[in-house]
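Undergrad: Next come a sequence and a model predicted from it.
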Amino acid sequence: MEPTQTQFFQAMDIPTRINRGQIDITDPVQVVFKGVKVGASQASLLIKLGIKPFFYGLSVKTIYEDGTAYDAAVCDITDDDIAREVFNGVRKMAAIAFALDYPSIVTVPHTLLNAYKKVLALGLKFENYDWEGLKTVKEVLANPDAFKAAAAGPATGAAPAAG
């Protein structure tokens, strides 16, 4: 803006200075507030500065569908909500596939794990047959207290040594 228009800013109590033939606003000033009607001087200032602070849109309060009215909060769905529902659907599909004894992509991990458990149970019957996973199972069955202590982790708050 030209230096001749400093009076316009002074009338609105906006601190300015002239720098290299232009008007500089020295401190930030808010001239438009949410919910407050914009006056003529604020509107003309915004026009001169090329600022368009207005937003137009719709605010949905209620949804009407097939004779039923819903609150707009029904549409507030997060990514976690979607992921949870997809996971529940996959669980239900797996349950149906298991009930029907029908193999599907959602039952493969469970089927493989159950098969491995059966192989381990069979391997326990043979004394001379071993592999890494079977050795671990035999160790756990032989001394379960050692694995309970290891699973519990290091003890905290141990008693001080007598001395």
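TA: Looks like it came in fine.
Undergrad: top helix in the chain by residue count?
TA: In the chain, assigned by DSSP state H, the helix with the most residues is helix 79-100.
Undergrad: Quick one: list the elements packing against the helix or strand that it is followed by.
TA: For helix 79-100, the following helix or strand on the C-terminal side (DSSP states H and E) is helix 108-125. Packing partners of helix 108-125 (3 or more Cβ pairs under 8 Å, 6 or more residues apart in numbering; DSSP states H and E): helix 132-142. In short, each C-beta sits where N, CA and C put it, glycine included.
Undergrad: Can you say which helix or strand has Q30 in it?
TA: Q30 belongs to no helix or strand, assigned by DSSP H and E.
Undergrad: neighbouring contacts of whichever helix or strand T6 is part of?
TA: Taking DSSP H and E as the definition, T6 sits inside helix 6-11. If you take Cβ atoms under 8 Å, 6 or more residues apart in numbering as the criterion, helix 6-11 is touched by 15-16, 18, 23, 25, 41, 45, 48.
Undergrad: Among those residues, name the ones in helices.
TA: Among the contacts of helix 6-11, the members falling in helices are 41, 45, 48 (criterion: DSSP H).
Undergrad: quick one: low-confidence ranges for the protein?
TA: 1-3, 53-55, 150, 153-163 (pLDDT under 70).
Undergrad: at 50 instead, please
TA: Low-confidence segments of the chain, defined by pLDDT under 50: 163.
Undergrad: show me what contacts the residue nearest to I25 when sequence neighbours are not counted?
TA: Leaving aside its chain neighbours, I25 sits nearest to T16 (5.6 Å; criterion: Cβ to Cβ, 6 or more residues apart in numbering). By Cβ under 8 Å, 6+ apart, T16 lies in contact with 6, 9-10, 23-26.
Undergrad: got JSON lines for the residues you listed, with neighbour count too?
TA: As requested, the contacts of T16 are exported to JSON lines (neighbours: other Cβ atoms under 10 Å):
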{"residue": "T6", "neighbour count": "15"}
{"residue": "F9", "neighbour count": "17"}
{"residue": "Q10", "neighbour count": "11"}
{"residue": "I23", "neighbour count": "17"}
{"residue": "D24", "neighbour count": "11"}
{"residue": "I25", "neighbour count": "13"}
{"residue": "T26", "neighbour count": "10"}
